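Asks: build the 3D model from these lines:
(2 chains)
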Amino acid sequence: MTLEEKLKILADSAKYDASCSSSGSNRKNTGGIGNTAYSGICHSFASDGRCISLLKILMTNCCIFDCKYCINRKSNNVTRAIFTPEEICLITMNFYRRNYIEGLFLSSGIIKNPDYTMELLIKTIKMLRSKYHFHGYIHCKAIPGASTKLLKELGSLADRLSANIELPTEAGLKLLAPNKSSNKATEIMSYVKENRKRDFVPAGQSTQMIIGATKETDLDILSKSSSLYESYGLKRVFYSAYIPINKDKLLPSIITPPLVRENRLYQADWLLRFYGFKVPDLLDEEHPNFNILMDPKANWALRHLNEFPKEINKASYYDLLKVPGIGIKSAQRIIACRTNFKITFEDLKKLGVVLKRAKYFITCNGRYFINSEYFKKSFIEANLILEDHAKEETRKEQLSLFS
Amino acid sequence: MSTYLYDGTFPNLLNLITKLINHNIKPMDIKPKDNFEPTLLDEGITLELDDAFRVKDLKIPNPVIKTCYYVFLSSDKNKELIIYYFLLNEKKYQNKIFYMRNLKCVNSALKLAKQVSNETHKLKGFVRFKEINNHILYSTINPTSDCLHLLSIHFAKRLKQEYWIIKDERRNKYSIYDKKRYYIVSGENLSLKEMIDTKEESKIENLWLTFFKTIGIKERENKRCQMNFMPKKYWHNMLEMREEYEKSNNRRKII
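Replies: Sure, this is the predicted structure:
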């Protein structure tokens, strides 16, 4: 098998991992090659619009597990390959020198047992760091069930570690991934959280959940993420819309991945982490799933219209953040600017506010953007949906021009 | 009122603007003298400037100077005037200047500075080197703003122990790094020998193309999203997009 064929197989099996971020680390170039940028850098974008920042590959797609949703499950008849540590170093170094990538994302199927797999991962990364003096970004999968000693060694070499939770509930795991248990993943997470410092997993840890392979509601999923953020200080929880690769009577029969649902979950994830929202604000037993037609923040605002309109020149930072169309940056700018001058609708555009969403929910110096009689749920809801619809239409027109 | 001229460099521009502000002169325009065409009404004025002027002696906070420099690197045709009014207002509002977004000059300056820093950030990822004679890394870019200097700072740290050259094709200038420091030189004073790819090069390029094609998920294809993040103007210089670039060019020719 040529190196190119191997790369094809092992990139193909790694592509379903959602994470590709290269942020959060400040590694310096201390004689050798490479450093990391705290903000992370995207080097290219794949045909699905996802960023390519790291060389995302599996060390091997051989696996002793038989998880129903996974392309590399034991019972699948796919061509198997394995990279040697030298081969991984060769590709990483050559790609990095040419500025194709920001670093390496190394994951692996489980061969023989977790410890053996982890030892091979460590051997590769150690070679990269000490023999090739590579100081670029390394994201590595920690293998659940491997010994703490190995986890410690891996963490001191990598910038970010991740262990996938895979499915939001234990029941889901039992059904589709009988060899896995969420305990093993959370054991890794708590170890990393306890020991994280400048030379141990400086960029923190992340995890991933598959969306739509089992029956969980958005409420189940979001509650899980929220507890993961709180208990383990995760940097990110990634959501990955289930893509039907395998046929199995336990898997849902869908044709297209639930991409809009995935998008709504990411939007809600941001609301949890940066906007001061809590899960019960967004979803409850009566509404356990997000509205596909409208983003979670606008949806929330319409249900709590009695808290609006907010006065731009007086509202607190967290109140501003609750307004659809106002983000972190624009809220900060409003706070900083309004001590110097009275902000008008005209100024808001300059401050980066998305006025066509925000205007329904705010007043500037006591004035609503049109006659205040129109401040009604029916009027606002219709306008917001129309607005999104019009955007979708022009997008479709433009697309048909391209193809 | 008429147009004041400077020599096209950033220190000289600041030198001129300082003098204009100190003497209370309101310029109609400020332009580099090389691309200024005198007219009957406006011959252009070159002032006698202080030779000992140094940017770091100015009593202006660093973030303000940095913003001015980024505006200077942008391709906006009024950038000199924007910097003038930005600095004029800085005298009045001092460190509050960044929050005076209702002023047109402040808003334009911050917007342009942001554009330059965004483009630089994108190019930190989009620059593609190839290995030529004696393991030199060589790359060509065509950026809208003049970010060669900012990129050089980045790559001097990252590829510290490599020889590399980045060519800005649009402005015909090169940044050349010799493992110690980088030199930015105009293409007019430089002749490069014929460049030959090293023999490994096409093998590595093919590996990258294979990886790039494989990593996209077919069921999630979204070319529009790809183009949003990676605008077409960069495709020509990016190995993995060149084929797509030529395809779309051919299509345009047929239409």
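
Asks: quick check: domain ranges of chain B?
Replies: For chain B, automatic domain parsing gives the domain ranges B:3-115, B:127-189, B:200-254.

Asks: turn the ones you listed into CSV, including mean neighbour count and distance to A:F361.
Replies: Heads up, the C-betas are built off the backbone N, CA and C, glycines and all. Compiled in CSV, the domains of chain B are given as follows (neighbours: other CB atoms under 10 Å in any protein chain shown; distance: least, CB to CB, whole Å):
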stretch, mean neighbour count, distance to A:F361
domain B:3-115, 16, 21
domain B:127-189, 17, 36
domain B:200-254, 15, 27
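
Asks: which of those sits closest to A:S190?
Replies: A:S190 lies closest to domain B:200-254 among these, at 31.8 Å (CB to CB).

Asks: just give me the neighbour total for the closest residue to A:M59 other than its chain neighbours.
Replies: Spatial nearest neighbour of A:M59, excluding adjacent residues (CB to CB, 6 or more residues apart in numbering or on different chains): A:S108 at 4.0 Å. A total of 26 residues lie near A:S108 under the criterion other CB atoms under 10 Å in any protein chain shown.

Asks: how close does A:S108 sit to A:G136?
Replies: According to CB to CB, to the nearest Å, A:S108 and A:G136 sit 20 Å apart.

Asks: ok, residues contacting stretch B:155-162?
Replies: With CB atoms under 8 Å, 6 or more residues apart in numbering or on different chains as the test, stretch B:155-162 has contacts from A:29, A:31-35, A:97, A:99, B:127, B:135, B:137, B:164, B:166, B:177, B:179, B:181-182.

Asks: out of the residues you listed, which are inside helices?
Replies: In helices, defined here by DSSP state H, the members of the contacts of stretch B:155-162 are A:R97.

Asks: domain-wise, how is chain A divided?
Replies: Per automatic domain parsing, the domain ranges recorded for chain A read A:3-204, A:296-390.

Asks: anything in the last one near chain B?
Replies: Yes: contact between domain A:296-390 and chain B is present through A:333, A:336-337, A:339-341, A:343-344, A:347, A:350-351 (criterion: CB under 8 Å from any CB of the partner chain).

Asks: mind checking which of those are buried?
Replies: For these, a burial check counting by 16 or more other CB atoms under 10 Å in any protein chain shown picks out A:333, A:337, A:343, A:347, A:350-351.

Asks: so which of these sit within helices?
Replies: Cross-referencing those against helices under DSSP H gives A:333, A:337, A:347, A:350.

Asks: can you tell me the centre-most residue of chain B?
Replies: Nearest to the geometric centre of chain B sits B:D146, at 1.8 Å (CA atoms, centre = their mean).

Asks: hang on, that residue in a strand?
Replies: No: counting by DSSP: H, G, I helix; E, B strand; the rest coil, B:D146 is not part of a strand but coil.

Asks: how about the residue of the stretch 151-255 of chain B found nearest chain A, what does it touch?
Replies: Per CB to the nearest CB, B:C225 is where the stretch 151-255 of chain B lies closest to chain A, at 2.8 Å. By CB under 8 Å, 6+ apart, the contact set of B:C225 is A:45, A:48-49.

Asks: confirm it sits in a helix?
Replies: Yes: applying three-state DSSP, one finds B:C225 inside a helix.

Asks: on that earlier part again, would you mind trimming the contacts of B:C225 to those in range of chain B?
Replies: When these are checked against chain B using CB under 8 Å from any CB, the ones in range are A:45, A:48-49.

Asks: show me the shaky parts of the chain.
Replies: I'll assume chain A. Low-confidence segments of chain A (pLDDT under 70): A:395-403.

Asks: correction: the question concerned chain B.
Replies: Short version for chain B, where the test is pLDDT under 70: B:1, B:254-255.

Asks: list the contacts of the closest residue to A:L54 other than its chain neighbours.
Replies: Distances taken as CB to CB, 6+ apart put A:F105 closest to A:L54, at 3.9 Å, once the chain neighbours are dropped. Shown in contact with A:F105 (CB under 8 Å, 6+ apart): A:14, A:17, A:19-20, A:54-57, A:138-140.

Asks: can you list the residues you listed in TSV and add neighbour count?
Replies: Formatted as TSV, the contacts of A:F105 follow (neighbours: other CB atoms under 10 Å in any protein chain shown):
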residue	neighbour count
A:A14	22
A:D17	18
A:S19	23
A:C20	22
A:L54	25
A:L55	26
A:K56	23
A:I57	29
A:I138	28
A:H139	27
A:C140	25
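
Asks: in helices, which of those residues fall?
Replies: Going by DSSP H, the helices hold none of the contacts of A:F105.

Asks: can you put those in JSON lines and add distance to B:I17?
Replies: Listed next are the contacts of A:F105 as JSON lines, based on distance: CB to CB, whole Å:
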{"residue": "A:A14", "distance to B:I17": "53"}
{"residue": "A:D17", "distance to B:I17": "52"}
{"residue": "A:S19", "distance to B:I17": "47"}
{"residue": "A:C20", "distance to B:I17": "44"}
{"residue": "A:L54", "distance to B:I17": "44"}
{"residue": "A:L55", "distance to B:I17": "47"}
{"residue": "A:K56", "distance to B:I17": "49"}
{"residue": "A:I57", "distance to B:I17": "53"}
{"residue": "A:I138", "distance to B:I17": "47"}
{"residue": "A:H139", "distance to B:I17": "46"}
{"residue": "A:C140", "distance to B:I17": "51"}
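
Asks: the residue nearest to the centre of chain B - nearest residue in space that isn't next to it in sequence?
Replies: Counting by CB to CB, 6+ apart, B:D146 lies nearest to B:L73, which is 4.5 Å off, once chain neighbours are set aside.

Asks: same check on B:L16?
Replies: B:Y6 (4.7 Å).

Asks: so in terms of bridging, what pairs with that neighbour?
Replies: B:P32 (DSSP bridges).

Asks: and it, how close does it get to chain A?
Replies: 29 Å (CB to the nearest CB, to the nearest Å).

Asks: same thing with B:V64?
Replies: To chain A, B:V64 is 16 Å away according to CB to the nearest CB.

Asks: same for the host helix or strand of that residue, what does it pack against?
Replies: For B:V64, the enclosing helix or strand under DSSP states H and E is helix B:62-73. Applying 3 or more CB pairs under 8 Å, 6 or more residues apart in numbering or on different chains; DSSP states H and E, one finds that helix B:62-73 makes contact with helix B:10-22, helix B:79-93, helix B:104-126.

Asks: output the contacting helices and strands for the first one.
Replies: By that I understand helix B:10-22. strand B:3-6, strand B:29-32, helix B:62-73, helix B:79-93.

Asks: now do 6 Å
Replies: Counting contacts by 3 or more CB pairs under 6 Å, 6 or more residues apart in numbering or on different chains; DSSP states H and E, helix B:10-22 packs against strand B:3-6, helix B:79-93.

Asks: now swap in the last one and tell me
Replies: Applying 3+ CB pairs under 6 Å, 6+ apart, one finds that helix B:104-126 makes contact with helix B:62-73, helix B:79-93, helix B:148-158.

Asks: looking at those helices, which is nearest to A:F200?
Replies: helix B:148-158 (23.5 Å).

Asks: can I get the CA coordinates of that closest one in CSV?
Replies: Output in CSV follows, covering the C-alpha atoms of helix B:148-158 (Å, rounded to 0.1, in the frame of the first residue of the first chain):
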residue,chain,number,x,y,z
LEU,B,148,3.5,41.4,3.6
HIS,B,149,5.2,43.0,6.6
LEU,B,150,2.7,41.6,9.1
LEU,B,151,2.9,38.2,7.5
SER,B,152,6.7,38.3,7.7
ILE,B,153,6.6,38.9,11.4
HIS,B,154,4.4,35.7,11.8
PHE,B,155,6.5,33.5,9.6
ALA,B,156,9.8,34.6,11.0
LYS,B,157,8.7,33.2,14.3
ARG,B,158,7.0,30.1,12.9
